[in-house]
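K.L.:
Requesting a structural model of the entry that follows:
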Amino acid sequence: MNKIAGFYSLEQDLSEKKSDSENLLKKMKEAQEPSRRKKGMLCSTENEAAQKEESEYLNSRFGLIRTGRLSVRPKDGADACVLYSGEIYNWKELCKELSDWGFPEPKDEADALLIAYLAWGPDFIKKVNGCFSIAVADEKENRLLLYRDRAGTRPLFYTVNPEKLLCFSSSLKALLACPGIRPQVDLGSLNEIFSIGPARTPGCGVYKNISEVLPGCFLCASPAGIQLHDYWKLKAEPHTDSYEETIEKTKALIEDSVRRQMRPEMPFCTFLSGGLDSSLISALCARELKKQNRQLTTYSFDFVGNDKNFQSNAFQPSQDRPYVEKMAAFLETDHHFLECSTKTQTEYLKESVKAHGLPAMADVDSSLLYFCSQVGERYEAALTGECADEIFGGYPWFHREELMMADTFPWTIDLAPRKLLLSDEFAEALSMEEYVQNAYEASLARMPRLEGETGLNAKRREISWLNLQWFMETLLNRMDRTSGACGLTARVPFADFRIVEYLYNVPWEMKAKNGVIKGLLRDTGRGLLPDEVLFRRKSPYPKTYDRAYETLLASQMRELLHDSSSPLLPLLDKTKTEQFLESPSDYGRPWYWTSLVRPADGRPSADSLPAADRFLDERIPGRASALIISVLNYLCTKKACISDAGLFSLRICYISSKRVMIFVNTSTICSRDWTGINSYLPWKL
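P.N.:
So this is what the prediction gives:
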């Protein structure tokens, strides 16, 4: 996957420190996690003279790396460079508009972005539709601008070191190569992992002093300092279209988004689960390809043994395969059934942490990473059905009043499962409830509200906002990281900002017409899908039902519990963890989605789902163990180093009776004996 990284000096001219700048670029390049298929490289061109010119140009105050695309245009007095990761879906329209204005024809997407910047200044980004992170190095104005797409599809982290060097990157690891930037985590970081995770507070990089450019925003750095600007915001406006007009506009927006993302220069496929969302995207792709006498290739995912081990439950009511077979036949696609074994799924747990640079979603991520690696061997891009539930209201917290009215994030009403394995002292130090509540209230404070809207409609708008800001961001990040690690570009047509803008203001009685969940989207898909799929009850991403998976995880957990040198032991309650591992299995649902179930007919029903208080005594050892192991793999290894996929050792230091600070050391910790860790703690093992 394309990635970008670089730095900008807020105070110094770096031209006399060329060697230092080149060394830093080299370190950042090495720290960027390469995909399984594509290698990173320092910014360069094929022309040696241009290489020399670029190097001098970029090193005066800037240093840039690309594993993405670079366009340099240091002529006509415009000393500027554009570096970007991602895809621009309207670049041909940009080219035409620039041509109409009399500008030279761009060579490629990056060149179009650069000429657009030179033509229209920092606000050029308002004309761009795509998934991207963009850096503009403008030496004439002596400034660096960092842009992130409206949906936050591509990550873009940044930090400032003590020497006032602003470093940025698509990857957290590259920032840790910058001088003075240490991989430190504090209580806020640990709350992001244990209280908020796998989501992240918008703008938070988890590591201390590392931030992320917010979706729809850009950062401007200059000797005057750093400024953050919004270039796009959702607006709450009255919806004046009739239901029939709403169907037609929604359909037109989805079709246009799909067409834009079916880029002919890059071979693509689609992910097909047999559910409404992926089936609709696949149907539109298949229809367009048939006009060109081409066949669509589709992929579905499952686990070895699920045909025998599957247990229908409220979280996952049905297997995908029968619906996939129906859709593949209906669309006449070249379909491939991919399966992941228990052994592979377990082995990929650590790989998924490497891909994220942070604790991931355990088996949900490890299996997707494996599937993407298989798809990536044949295709460069895949279109997915992600984000439809967040935009069209597919989750139960849009329908169940007790979830809607909860004064917190509806998907984590009960924090007890998050504390299940933690020591009482550590859980108390985290103050989970307070941290989560503050994040919830801060998010709602930024929400655009419709004047005069009250009652359930106002609450549903809140739920919609929270889903866009948190749930959707989490799934987009998961898809980007797992696919990108395999050199596969994941495209998400539903995340087009025009669809988000329009649907944010469509009233609930239209989104769930006649009480049917996602009724608007289903009506949009009429004629494109067979009824069995069009009205299929939602079944989320598949999971394994092989008990051997839980056995493998439990074995890893027990090894950790008996490793006296592990610095993570103080965070866990050994007795509670051992009891948990011995408890009966519950393969019902992961705790991050404790409320994500619904009745079979697609309509909300008060008595069809477990009450919220029942979640307190339901435990899922397999997934919880995988989460803890994911956290441990991320935070703890005795072989830590920058080049080892972001796995770092920890030192836990006593700060006060109710506060713990954890520092991560990537150089000297390798030889440290951790048997004396008790001396650092306010409690004893």
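K.L.:
Could you pull out the buried residues of the biggest helix by length in the chain?
P.N.:
For the chain, the helix reaching the highest residue count under DSSP state H is reported as helix 243-261. Buried positions in helix 243-261, judged by neighbour count with 16 or more other Cβ atoms under 10 Å: 246-247, 249-251, 253-258, 260-261. All C-beta spots, glycine's among them, are computed from the backbone N, C-alpha and C.
K.L.:
for the stretch 301-450 of the chain, what spans make up the strands?
P.N.:
Under the criterion DSSP state E, counting those that start in this stretch, strands of the stretch 301-450 of the chain are mapped to 334-340, 381-383.
K.L.:
deepest of those strands, which one?
P.N.:
strand 381-383 (a mean of 23; mean count of other Cβ atoms under 10 Å).
K.L.:
Would you mind listing the residues in contact with Ala174?
P.N.:
Taking Cβ atoms under 8 Å, 6 or more residues apart in numbering, we find Ala174 in contact with Lys3, Ala5, Met28, Lys29, Ala31, Gln32, Ile65, Cys167.
K.L.:
So which of these sit within helices?
P.N.:
Per DSSP H, those map to helices at Met28, Lys29, Ala31.
K.L.:
pLDDT-wise, which helix or strand of the protein ranks last?
P.N.:
One helix or strand of the chain scores below all others by mean pLDDT, DSSP states H and E: strand 41-42, with a mean of 25.
K.L.:
For stretch 192-201, what is the distance to the chain centroid?
P.N.:
Put simply, stretch 192-201 sits 12 Å off its chain's centre (Cα atoms, centre = their mean, to the nearest Å).
K.L.:
er, stretch 244-263 actually
P.N.:
24 Å.
K.L.:
for stretch 104-124, same thing?
P.N.:
Using Cα atoms, centre = their mean, the offset of stretch 104-124 from its chain centre is 28 Å.
K.L.:
next one: stretch 284-302
P.N.:
For stretch 284-302, the distance to the chain centre is 26 Å (Cα atoms, centre = their mean).
K.L.:
Cys486: which element?
P.N.:
According to DSSP states H and E, Cys486 maps onto no helix or strand at all.
K.L.:
hmm, back to that, show me which of the buried residues of helix 243-261 is closest to Asp138.
P.N.:
Checking the buried residues of helix 243-261 against Asp138 with Cβ to Cβ, the nearest one is Arg260 at 28.5 Å.
K.L.:
Quick check: that closest one touching Lys92?
P.N.:
No: counting by Cβ atoms under 8 Å, Arg260 stays clear of Lys92, with 9.5 Å between them.
K.L.:
Tell me if I am right that Cys220 is in a strand.
P.N.:
Yes: membership of Cys220 in a strand is supported by DSSP: H, G, I helix; E, B strand; the rest coil.
K.L.:
quick one: contacts for it?
P.N.:
Going by Cβ under 8 Å, 6+ apart, Cys220 touches Pro122, Arg143, Leu144, Leu145, Ile226, Gln227, Leu228, His229.
K.L.:
what's the closest of the residues you listed to Thr298?
P.N.:
Leu145 (39.2 Å).
K.L.:
On the three-state scheme, the closest one is what?
P.N.:
strand.
K.L.:
Give the burial count for it, as a bare number.
P.N.:
25 (other Cβ atoms under 10 Å).
K.L.:
Same question for the one 5 residues further on.
P.N.:
For Arg150, the count of nearby residues is 24 (other Cβ under 10 Å).
K.L.:
Now do the same contact list for it.
P.N.:
Here Arg150 is in contact with Pro215, Gly216, Trp232, Phe497, Val500 (Cβ under 8 Å, 6+ apart).
K.L.:
Strands of the stretch 51-200 of the chain, start to end?
P.N.:
Under DSSP E, counting those that start in this stretch, the stretch 51-200 of the chain gives strands at 62-66, 69-72, 80-88, 130-138, 143-148, 157-160, 165-169.
K.L.:
Could you tell me which strands sit next to the third one in the sheet, and their orientation?
P.N.:
For strand 80-88, the paired strands and their directions (DSSP bridges) read strand 69-72 (antiparallel), strand 130-138 (antiparallel).
K.L.:
which of those strands has the lowest average pLDDT?
P.N.:
Comparing mean pLDDT over those, the weakest stretch is strand 69-72, at a mean of 54.
K.L.:
following the helix or strand hosting Ala554, which helix or strand comes up?
P.N.:
Here Ala554, judged by DSSP H and E, is contained in helix 547-561. Sequence order places helix 574-582 as the next helix or strand after helix 547-561, per DSSP H and E.
K.L.:
Which elements pack onto that following helix?
P.N.:
Secondary-structure packing of helix 574-582 (3 or more Cβ pairs under 8 Å, 6 or more residues apart in numbering; DSSP states H and E): helix 547-561, helix 621-635.
K.L.:
least reliable of those helices going by mean pLDDT?
P.N.:
Note on these: helix 621-635 shows the lowest mean pLDDT, a mean of 44.
K.L.:
for the stretch 151-300 of the chain, what spans make up the helices?
P.N.:
172-175, 187-191, 243-261, 276-290 (DSSP state H, counting those that start in this stretch).
K.L.:
hmm, back to that, tell me what angle the longest helix of the chain forms with helix 276-290.
P.N.:
60 degrees (axes from the mean of the first three to the mean of the last three Cα atoms, to 10 degrees).
K.L.:
for helix 243-261, packing partners?
P.N.:
Helix 243-261 packs on helix 276-290, helix 497-504, helix 519-524, going by 3+ Cβ pairs under 8 Å, 6+ apart.
K.L.:
mind putting those in TSV, distance to Leu403, mean pLDDT and mean neighbour count included?
P.N.:
Below are these laid out as TSV (distance: least, Cβ to Cβ, whole Å; pLDDT from 0 to 100; neighbours: other Cβ atoms under 10 Å):
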stretch	distance to Leu403	mean pLDDT	mean neighbour count
helix 276-290	21	97	23
helix 497-504	20	98	19
helix 519-524	19	98	22
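K.L.:
so can I have TSV of the ones you listed showing distance to Asp563?
P.N.:
Compiled in TSV, these are given as follows (distance: least, Cβ to Cβ, whole Å):
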stretch	distance to Asp563
helix 276-290	42
helix 497-504	46
helix 519-524	49
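K.L.:
Tell me, what's the model's pLDDT at the closest residue to Ser171 other than its chain neighbours?
P.N.:
Once flanking residues are discounted, Ser171 sits nearest to Gln32: 5.3 Å by Cβ to Cβ, 6 or more residues apart in numbering. At Gln32, the model reports a pLDDT of 75.
K.L.:
This completes my enquiry, with thanks.
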